[in-house]
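Visitor: show me the folded form of this:
(one chain, ligands or ions: 2)
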Amino acid sequence: MRAIGLDFEHRSLTETSLPPPTEPRSGEVLLRVHEVGICATDRELAKFRFGLPPEGESFLALGHEALAQVEVGDGRWAKGDWVAPMIRRSCTPACSHCAQGRRDLCQTGAYLERGINRAHGYLMPFTLDTSAELLAVPESLLDVAALAEPLSVVEKAVETALRAHPMEPKSAVVAGAGPVGILTALLLQLRGLAVTVVSLEPEDHPRVQLLRRSGAVYRRGRQPEKADLVFEAAGGALHLLDWLAPCGVLMLIGAAEEDMPLPPLRMLVDNLTVAGTVNAGRAHFQQAIEDLALIPRHLLAAMLERRSLDEWRGSFEGSPLIPKIVHRLD
Ligand SMILES: [Zn+2]
Ligand SMILES: [Zn+2]
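Guide: Ligands and ions are numbered 1, 2, ... in the order given. I've put the predicted structure just below:
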C-alpha cells in the first residue's frame with residue numbers, strides 16, 4: 001500500500017510501501033481515505049523542522065486534513081459513512097484535560113498527532129482509526145469537507161477571541177491571507193464582524209479576489225484601522241498590538257519564533273488581551289462542519305485545488321496560488 005511521508009533515516013520526503021492495515025480491533029474502524037489537504041504544517045514537516053515517526057519506526061506518513069469513508073465499521077459507524085478524523089490523540093496516562101476530551105489543551109505535551117507527531121497520517125489509501133475520534137460529514141458537504149480540520153482550528157481561535165473580549169466586538173483584522181487567514185476572515189464575517197485582511201499578495205492575486213468577493217476589505221502591507229480583534233495568521237506578530245482598539249484581543253494562530261514586546265502600561269490602560277491557541281476540541285470540529293454549510297459555497301470552493309496523489313511532490317514546495325491543495329486518493 002503506497003504512503004507519502006518522511007523517511008527519518010535518510011531525512012527525505014518520499015513515497016514508500018506500507019503493509020495494508022489489519023482487521024480493526026474493538027473501538028476501531030477501517031477507513032478508505034478519499035481526500036487529504038496539505039497545509040503549511042506539512043511543508044514545515046517536509047523540511048524536518050519538527051515531527052516524529054511512530055515509536056520503533058523510521059517513517060511517518062504525512063497528511064492530517066482528511067476526508068474518509070468507513071470501510072469496516074463497528075457499533076458506532078456503518079460501512080459507507082463519511083467521516084473526518086480529529087488529529088490530536090491523548091497523552092498516556094491521560095492528563096486531566098486529555099481525560100476530559102480536550103487533547104487540544106493537553107497539559108503534558110506528550111500527545112500524539114496523526115501525520116505530525118508519533119502517529120501515521122492519512123496520505124495512504126486505507127488506515128485504521130479510533131472510532132471515537134471521527135466526526136460525521138454529511139454528503140452535502142463532501143466537496144468542501146477537506147476544510148473541516150483547518151476550519152476547526154479557526155473555530156477555536158474565533159471562539160476564544162470572542163470570549164476574551166469584554167464587550168461585543170464589531171471589527172476584526174486578520175494578518176495573513178493563507179488558508180487559515182482566509183478561513184478566519186470568512187468565519188468572522190459569518191459571525192457578523194467587519195473584517196479587514198492585511199497581507200503581501202498583490203491586488204490581482206486569486207486569494208485577494210476571493211477575500212474581496214467575501215466582503216472583506218484588503219490592505220496590501222498597510223496598517224489597517226484599529227480593530228476590536230486582531231488575528232495573527234502570518235507567522236509574525238510584531239506591531240500587531242498597535243492595530244488593537246481599546247479592550248481589543250490579539251489572537252496568535254500562526255507560529256512565530258520571534259519575541260514580541262508587550263507594552264505593560266498600554267495593555268493595562270487599554271484593557272488589552274493577548275492569547276494563543278492551537279488545535280481544536282471536538283465541539284470546535286463539530287462547529288466547523290456546521291459552518292461549512294453556512295459559509296458561501298463558492299468562496300470555499302475557490303479555496304481548493306484538487307490533485308491526484310501522483311502529483312504529491314510539488315504540493316510540499318512553496319506557497320500555492322490557490323490556498324489549499326487537496327490530494328485525491330481514489
Ligand atoms: Zn494542517
Ligand atoms: Zn494530555
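Visitor: contacting residues for the residue lying closest to Ser96 once chain neighbours are set aside?
Guide: Leaving aside its chain neighbours, Ser96 sits nearest to Gln107 (6.9 Å; criterion: C-beta to C-beta, 6 or more residues apart in numbering). Yep, even glycine has a C-beta here, placed from its N, CA and C like the rest. When contacts are counted by C-beta atoms under 8 Å, 6 or more residues apart in numbering, Gln107 touches 95-98.
Visitor: could you write me a PyMOL select line covering just the buried ones among the residues you listed?
Guide: A single PyMOL command is used to select the members of the contacts of Gln107 judged buried by 16 or more other C-beta atoms under 10 Å:
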select buried, resi 95+97+98
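Visitor: on that earlier part again, tell me how far the residue nearest to Ser96 lies from ligand 2.
Guide: With the distance defined as C-beta to the ion, to the nearest Å, Gln107 ends up 6 Å from ligand 2.
Visitor: likewise for Lys156?
Guide: 16 Å.
Visitor: thought that residue was touching Arg282?
Guide: No. Contact between Lys156 and Arg282 fails when scored by C-beta atoms under 8 Å: they sit 10.8 Å apart.
Visitor: between the two, tell me which one has more neighbours.
Guide: Neighbour totals were compared for Lys156 and Arg282, and Lys156 leads with 24 against 16 (other C-beta atoms under 10 Å).
Visitor: where does that one sit, in terms of helix or strand?
Guide: Per DSSP states H and E: Lys156 is located in helix 148-164.
Visitor: can you name every helix or strand that that helix contacts?
Guide: strand 65-72, helix 179-190, strand 227-232, strand 244-252, strand 273-276, helix 282-292 (3 or more C-beta pairs under 8 Å, 6 or more residues apart in numbering; DSSP states H and E).
Visitor: the longest one vs ligand 1: in contact?
Guide: What it means is helix 179-190. No. Using C-beta under 5 Å from the ion, helix 179-190 stays clear of ligand 1, with a minimum separation of 8.1 Å.
Visitor: list the contacts of that helix.
Guide: Residues outside helix 179-190 that contact it (C-beta under 8 Å, 6+ apart): 39-40, 147, 150-151, 153-155, 157-158, 172, 174-175, 195, 197, 199, 207, 210-211, 214-216, 229, 231, 233-234, 253-254, 291, 294-295, 299-300, 303, 323-324.
Visitor: what's Gly276 in contact with, if anything?
Guide: By C-beta under 8 Å, 6+ apart, the neighbours of Gly276 are 251-253.
Visitor: out of those, who's nearest Leu329?
Guide: Ile253 (28.2 Å; C-beta to C-beta).
Visitor: which ones are touching Val153?
Guide: The contact partners of Val153, taken as C-beta under 8 Å, 6+ apart, are 180, 253, 277-280, 284.
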